[in-house]
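J.: Sequence plus predicted model, see below.
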Amino acid sequence: MSAPGGEPAARRRVTVVNRQGIHARPAAMLVQRARAYACELALVLLQAPEGSGAEPGTRVDAKNVLDVMFLAAPAGALLEIEAHGPGSEGAVEALAALFAAGFQE
Amino acid sequence: MPVTPAMVRLTGIPVCGGSRVGPALLYEESPDVVPLPDAPPQDLEAEVGRLRRAVATARGELERLQSALGGDAGVGGIFRAHVLMLEGVTQDIEGEIRKGIAAERAAAGVLHAAAARLARSPNRLMAQRAQDLVDVERRLLRALSGAAVTVGAAPVGAGRPVVVVARDLTPSETALLEGRNVAALALEQGGVTSHSAVIAKSLGIACVVGVSGLMDRVQHGDTLWVDGTHGTVVLHPDERTRAEAQGQGERYDVFERTLLAESRLPCETLDGHKVTLLANIEFPLDIEAGLARGAEGVGLYRTEFLYRPGQPLPTEEQHLAAYRSTLERLGGGRLTVRTFDFGSDKEGPGAQAAEPNPALGVRSLRWCFVHPAAFHTQLRALLRVAAEGDVRVLLPMVGSLEELRRARALLAAAAQELESEGLACRADVPVGIMIEIPAAAVIADLLAAEADFLSVGTNDLIQYDLAVDRLNPRLAGLFQPSHPSILRLVRDTLRAAAARGKPVTLCGEMGGHSIYTPLLLGLGLREFSLTPGYIPRVRRLLRGLTLDRARRLASECLALATAEEVEAHLRRHVVPLGAG
């Protein structure tokens, strides 16, 4: 996914705290939450633990479960949530809350 | 000039009754066998519309499965992820179609690429999800083909009940047939004890499995007669044969309706001996089938379905939700939950390098002992739900007293933990063991002294006692429930338990074959746990017997020297009573 033009309306850095990383179930939760908002939402992998195989710089659509699964952000990874468009603040807030809660795992 | 195709009679293994004629609906299990059209579509927007309709169909199926299998808490959660995956690829597929590629080819291309990409994921859990994409792909391709297939003027299945034809079906695919316009199921592979057969039985559709040559001969829309009682499938039946099929079907239906109407009658012998009929269940919908047939409770609730390959093991809350909803549906009846039985025909999580001999390997209770966290979670949930109703714990594959004691110690520790956390639980939940290893049958007296109840699992007992792989079709003739050794093991188990006042249930397939009903009653069995579809016939037979007569029959059988003689004896004496 390429970045849309212009600065994001809102952004937030989050860390993956759940032990298994963002596997299928958290990915599904994240996407369902993201779809409740009209704005565009992306996840950018900023930093991943050594040897995890995840590629920093990868940017995916937070509303596509396959994209989020491909990202496979491992435990300890640092991500940025970016939003463009209406309701960006609230959307970023909501997604960040999921990360903080470790996707209830 | 049209040529009338010749009638072809194929033979398979009868699974469950009924005689049904209908057009064949080929269920393509793998995208490799779905013919992918080469020609580009003529009208791209119409092709996109066709895709969208198929996506809607697939989505509807997934949502139905999701709610049938327990929503987010149960197996259903998997199908919610499938819905999201499906939505995740739809746009890409539409993009491909707009480049002039037919919907099937576009769908297969996009989903293959996605699965391949996922399979390379550095995250192991994620790599295993590639299989889910394959599942989504199949479902979508099937939805596409279903919409496109026509025979003459009438699309297959338009209004008419269809005969589903497949190489094999997964349990979830079979469960999907419920409530649909399906008259019968014919499978090229599979055996009577395969999961798809078990589910077909619980859904009450005519079913024949193990029909070799089926997929090569049958095409979409061909007329098929499936005779689930005799195990035959007739392709292109002629007029006379169709009339025969219809007559047989009607007689069967009348008989079934009469049987079903007896479900509210008490299950006792002519001379007033009460027999308890319980249901073996796997999915929530099986309970409804059991209750509709007058089951008094559940004698075997399999729990392996709470786990899906590649997914994390169920949490305590997920276990609890599944058990609780089942218990509620029972309305006071007993719920016997078998702890995880992974390893033989159902691979569990954390499987080590392929077992050289899975049936004799780290399976069932042995698996639980090497996965203490998973077992602990299940035991905690069982102890908790036991505080809410008549719940009993059944341990599979017990071969020694040490194993029973070890499981009891784990249960006691879990109960103590729950109590210290202030959570309601029943520490003295009844604990029973499966008698399925011959050693356990031989020492049934020792085991019955400490177990609260026994449950004879004849499928594995026969497999281990006779050293016959029950899933090997070439050995089907050697898998003999009536082998004198089996009769003795069952008799000894029943005697040993009776001497210690412990109840015994029999939950294997043998109990459902009504030809064995009087024999088992005569050997001393008073609790049958059956696939719901079997209950009415077994009830009918039991109600027509005296205990005396059954005991006589049992001792006559015990005096015979071979399985063949026992079978012949039963056919002569039990079939006239209405067994089949």
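T.: Received, thanks.

J.: How about the longest helix seen in chain A and chain B, any contact?
T.: Ranked by residue count, the top helix of chain A under DSSP state H comes out as helix A:88-100. No. Helix A:88-100 does not reach chain B (Cβ under 8 Å from any Cβ of the partner chain); its nearest approach is 15.0 Å. All C-beta spots, glycine's among them, are computed from the backbone N, C-alpha and C.

J.: CA atoms of that helix as CSV?
T.: Presented in CSV, the C-alpha positions along helix A:88-100 are these (Å, rounded to 0.1, in the frame of the first residue of the first chain):
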residue,chain,number,x,y,z
SER,A,88,-8.8,10.1,12.1
GLU,A,89,-8.2,11.0,15.7
GLY,A,90,-10.8,8.7,17.1
ALA,A,91,-9.8,5.9,14.8
VAL,A,92,-6.1,6.1,15.8
GLU,A,93,-7.2,6.2,19.5
ALA,A,94,-9.4,3.1,19.1
LEU,A,95,-6.7,1.1,17.4
ALA,A,96,-4.0,2.2,19.9
ALA,A,97,-6.3,1.0,22.7
LEU,A,98,-6.4,-2.5,21.1
PHE,A,99,-2.6,-2.7,21.0
ALA,A,100,-2.3,-1.4,24.6
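
J.: What's the local residue count around the closest residue in space to residue A:91 that isn't next to it in sequence?
T.: Excluding the flanking residues, the one nearest residue A:91 by Cβ to Cβ, 6 or more residues apart in numbering or on different chains is residue A:37, at 3.8 Å. By the criterion of other Cβ atoms under 10 Å in any protein chain shown, residue A:37 has 20 neighbours.

J.: surely residue A:37 meets residue A:92?
T.: No. Using Cβ atoms under 8 Å, residue A:37 is not in contact with residue A:92; the gap is 9.1 Å.

J.: what residues are shared contacts of those two?
T.: Residues touching both residue A:37 and residue A:92 (Cβ atoms under 8 Å, 6 or more residues apart in numbering or on different chains) are residue A:83.

J.: Show the average pLDDT along the biggest helix by length in chain B.
T.: Scanning chain B for the helix with the most residues, using DSSP H, yields helix B:44-68. Across helix B:44-68, pLDDT averages out at 84.

J.: ditto for stretch B:183-195
T.: Across stretch B:183-195, pLDDT averages out at 77.

J.: For the residue most central in space within chain A, name its beta-bridge partners.
T.: The residue lying closest to the centre of chain A (Cα atoms, centre = their mean) is residue A:43, at 3.8 Å. Beta-bridge partners recorded for residue A:43 (DSSP bridges): residue A:60, residue A:81.

J.: Show me where the stretch 51-200 of chain B has its helices.
T.: Assigned by DSSP state H, counting those that start in this stretch, the stretch 51-200 of chain B shows helices spanning B:76-98, B:103-119, B:124-128, B:130-148, B:171-175, B:195-203.

J.: got the residues of the stretch 301-450 of chain B near chain A?
T.: Proximity of the stretch 301-450 of chain B to chain A is confined to B:311, B:312 under the rule Cβ under 8 Å from any Cβ.

J.: Residue B:145 and residue B:107 touch, don't they?
T.: No. Between residue B:145 and residue B:107 there is no contact under Cβ under 8 Å: 10.8 Å.

J.: ok, now how distant is residue A:87 from residue A:79?
T.: Plainly put, residue A:87 is 20 Å away from residue A:79 if you go by Cβ to Cβ, to the nearest Å.

J.: of the two, who's got more company?
T.: The neighbour count for residue A:87 versus residue A:79, taken as other Cβ under 10 Å, is higher for residue A:79 (26 against 17).

J.: Next, that one: secondary structure please.
T.: With DSSP: H, G, I helix; E, B strand; the rest coil as the basis, the three-state label of residue A:79 is strand.

J.: my read: it touches residue A:44, true?
T.: Yes. With contact defined as Cβ under 8 Å, residue A:79 reaches residue A:44; the gap is 6.5 Å.
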